[in-house]
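1. here is a sequence together with a model predicted from it:
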Amino acid sequence: MKPALPAPWIIGASAAVALLAASPAHADIVSRESDITVLRPGQRIYVDDGSCPTGQIKEIFGLRLTPAGVERTRKCVERRGKR
């Protein structure tokens, strides 16, 4: 008698959880907003293009999914860490 193998969806779900847990939790910083190729809802990307006052950086946030793509919000936030 062969041992039962797990259902394919269990294997897929386990792999997805493992990938998410292993991914780094840091924010991306790009030099131009046009460098953002993919933005997911809930994702934050920082743009260091000099458009914000000294000590701040532009934050692009994926707000929600619309028929035209991900709606973005833009605001200047306090810069943290090294430049």
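-> Received it, and whenever you're ready, just let me know what you need. Residues are numbered from 1 along each chain as shown.

2. so which elements touch the helix or strand where C76 lies?
-> Using DSSP states H and E, the element containing C76 is strand 69-78. Other helices and strands packing on strand 69-78, by 3 or more C-beta pairs under 8 Å, 6 or more residues apart in numbering; DSSP states H and E, are strand 56-66. No exception for glycine: its C-beta is placed from N, CA and C like everyone else's.

3. could you give me the buried positions within the strand holding C76?
-> Neighbour-count burial for strand 69-78, counted by 16 or more other C-beta atoms under 10 Å, picks out V70.

4. now it against strand 56-66, angle please.
-> Relative orientation of strand 69-78 versus strand 56-66 (axes from the mean of the first three to the mean of the last three C-alpha atoms, to 10 degrees): 160 degrees.

5. pull up the pairing partners for strand 69-78, direction included.
-> strand 56-66 (antiparallel) (DSSP bridges).

6. flag every buried residue along the partner strand.
-> I57, K58, E59, I60, F61, G62.

7. and those, which is closest to V77?
-> For the buried residues of strand 56-66, the minimum distance to V77 (C-beta to C-beta) is 4.7 Å, reached by E59.

8. how close does that closest one get to G50?
-> Distance, E59 to G50, by C-beta to C-beta, to the nearest Å: 15 Å.

9. swap in R44?
-> For R44, the distance to G50 - C-beta to C-beta - is 19 Å.

10. more neighbours: the two, which one.
-> R44 (13 against 10; other C-beta atoms under 10 Å).

11. does the more buried one really touch E59, like I thought?
-> Yes: in this structure R44 lies within contact range of E59 using C-beta atoms under 8 Å: 5.8 Å.

12. quick one: low-confidence ranges for this protein?
-> 1-26, 81-83 (pLDDT under 70).

13. hmm, 90 instead?
-> 1-27, 80-83 (pLDDT under 90).
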